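Enquirer: Sequence and predicted structure below; questions after.
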Amino acid sequence: MTTVLKLGGSVITDKDRAETVDGESLERAAAAIADAVSDSTETDGGLVVVHGGGSFGHPAADAHGVTTTAGTDDAGAVTEIHAAMTALNGFVRRALLERGVEALPVYPLSLAARNREGDLALPTESVETMLEEGFVPVVQGDMVTHAGRGATVVSGDELVAELARGLDADRVGLCSTVPGVLDDERVVDRIDSLADVESVLGGSESTDVTGGMRGKVETLLGLETPASIFGLEGLEGFLAGEDVGTTVG
Ligand SMILES: Nc1ncnc2c1ncn2[C@@H]1O[C@H](COP(=O)(O)OP(=O)(O)OP(=O)(O)O)[C@@H](O)[C@H]1O
Ligand SMILES: C=C(C)CCOP(=O)(O)O
């Protein structure tokens with residue numbers, strides 16, 4: 001089984017304090033991943049970890065007026081946003097390495113690009129070889145060059161979708177601050193089309209340049225592999241092969 005798991009920036013950072021990690025949540029996520037990597041047959045085919053921006057990437061991108069569609073030609077701005085994400089990537093990898101997970105960084109800025117239509121091309125050879133060699137790739141939401149627009153943001157959710165396609169992943173999970181997609185505080189079990197949930201989907205409570213829950217569901221609906229959206233309390237279960245939270249697709 002090849003699994004692609006996103007740790008939402010809203011989970012592993014304090015979204016209301018600039019560039020601050022939520023240490024307790026990151027430790028809890030890293031412990032669940034370390035257990036799964038050492039014990040569970042569910043992750044035998046490899047586990048790719050992707051992480052979002054939280055209070056690292058989003059405020060930096062917002063300050064420069066950059067989103068997934070609004071770009072910049074300013075290399076200083078691109079580097080600043082990229083550096084904020086790289087700093088968070090370092091925290092995630094350190095938490096994993098401390099628990100014996102052989103984590104390696106993957107920086108989409110140097111690997112991926114968007115064409116004029118905004119479609120993302122993400123070569124997967126390096127991630128595939130990392131998996132074959134027993135490493136756990138840790139891929140950050142990032143900036144990418146974008147034909148005709150300089151550089152734009154690439155969200156962790158888009159990277160999850162591209163990696164799931166490119167690696168032909170068996171399981172996809174998005175761990176966020178909510179226990180799933182909520183409809184009046186109740187977790188929606190399954191979403192097959194955007195129309196099912198359009199009225200309840202919103203953005204994010206904090207600064208978020210990539211579309212919050214609505215962007216997440218839209219991105220996941222385009223996938224062949226069903227994807228789960230769940231909270232930190234569902235992470236162990238997801239990694240053990242259980243159905244948790246909301247299934248999209
Ligand atoms: N119907 C809904 N159900 C659940 N959450 C929703 C809904 N509508 C909007 N949201 C918001 O979506 C947020 C989750 O999206 P967000 O983009 O913040 O998560 P993330 O992927 O974990 O973080 P990041 O984008 O920083 O990586 C929730 O915290 C909530 O505020
Ligand atoms: C803001 C940047 C650079 C990445 C955002 O990724 P996301 O938090 O998954 O939407």
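Expert: Looks like it arrived, so ask away. Ligands and ions are numbered 1, 2, ... in the order given.
Enquirer: Please write out the alpha-carbon positions of the helix or strand where Arg94 lies in PDB.
Expert: Under the criterion of DSSP states H and E, Arg94 resides in helix 75-97. The C-alpha coordinates for helix 75-97 follow below in PDB (Å, rounded to 0.1, in the frame of the first residue of the first chain):
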ATOM      1  CA  ALA A  75      12.500  36.400  -6.700                       C
ATOM      2  CA  GLY A  76      12.900  37.900  -3.200                       C
ATOM      3  CA  ALA A  77       9.200  37.400  -2.400                       C
ATOM      4  CA  VAL A  78       9.300  33.800  -3.800                       C
ATOM      5  CA  THR A  79      12.300  33.000  -1.700                       C
ATOM      6  CA  GLU A  80      10.800  34.500   1.400                       C
ATOM      7  CA  ILE A  81       7.600  32.400   1.200                       C
ATOM      8  CA  HIS A  82       9.700  29.300   0.200                       C
ATOM      9  CA  ALA A  83      12.000  29.800   3.100                       C
ATOM     10  CA  ALA A  84       9.100  30.000   5.600                       C
ATOM     11  CA  MET A  85       7.800  26.700   4.300                       C
ATOM     12  CA  THR A  86      11.300  25.200   4.400                       C
ATOM     13  CA  ALA A  87      11.600  26.200   8.000                       C
ATOM     14  CA  LEU A  88       8.300  24.400   8.800                       C
ATOM     15  CA  ASN A  89       9.600  21.400   6.800                       C
ATOM     16  CA  GLY A  90      12.600  21.300   9.000                       C
ATOM     17  CA  PHE A  91      10.400  21.100  12.200                       C
ATOM     18  CA  VAL A  92       8.300  18.300  10.700                       C
ATOM     19  CA  ARG A  93      11.400  16.300   9.700                       C
ATOM     20  CA  ARG A  94      13.100  16.800  13.000                       C
ATOM     21  CA  ALA A  95      10.000  15.500  14.900                       C
ATOM     22  CA  LEU A  96      10.000  12.400  12.600                       C
ATOM     23  CA  LEU A  97      13.800  11.900  12.800                       C
END
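Enquirer: mind checking how far stretch 218-234 is from the chain centre?
Expert: A distance of 11 Å separates the centroid of the chain from that of stretch 218-234, by CA atoms, centre = their mean, to the nearest Å.
Enquirer: wait, Arg114 sits on Met143?
Expert: No: in this structure, Arg114 is not within contact of Met143 by CB atoms under 8 Å, at 10.6 Å. All C-beta atoms are positioned from the backbone trio N, CA, C, and that covers glycine.
Enquirer: And ligand 2, is the helix holding Arg94 touching that?
Expert: Yes: using CB under 6 Å from any ligand atom, helix 75-97 reaches ligand 2 at Ile81, Met85.
Enquirer: likewise stretch 120-135?
Expert: No: residues of stretch 120-135 contacting ligand 2 under CB under 6 Å from any ligand atom: none, with a closest distance of 12.7 Å.
Enquirer: Write out the residues of the protein neighbouring ligand 2.
Expert: So the chain meets ligand 2 at 9, 52-53, 57-58, 61, 81, 85, 141-142, 153, 155-157, 209-210 (CB under 6 Å from any ligand atom).
Enquirer: So Arg114 and Met143 - more neighbours on which side?
Expert: Met143 (31 against 23; other CB atoms under 10 Å).
Enquirer: which helices and strands sit right next to the strand or helix carrying the more buried one?
Expert: For Met143, the host element (DSSP H and E) is strand 142-146. Packing contacts for strand 142-146, counted by 3 or more CB pairs under 8 Å, 6 or more residues apart in numbering; DSSP states H and E, involve helix 75-97, strand 113-114, strand 150-154.
Enquirer: out of these, deepest packed?
Expert: strand 150-154 (a mean of 24; mean count of other CB atoms under 10 Å).
Enquirer: ok, back up a step: by neighbours, which of the residues of the chain next to ligand 2 wins?
Expert: Ranked by neighbours (other CB under 10 Å), those are led by Gly57, which has 33 neighbours.
Enquirer: Might you report the residue contacts of that one?
Expert: With contact taken as CB atoms under 8 Å, 6 or more residues apart in numbering, Gly57 is in contact with Gly9, Ile81, Ala84, Met85, Leu88, Gly141, Asp142, Val153, Val209.
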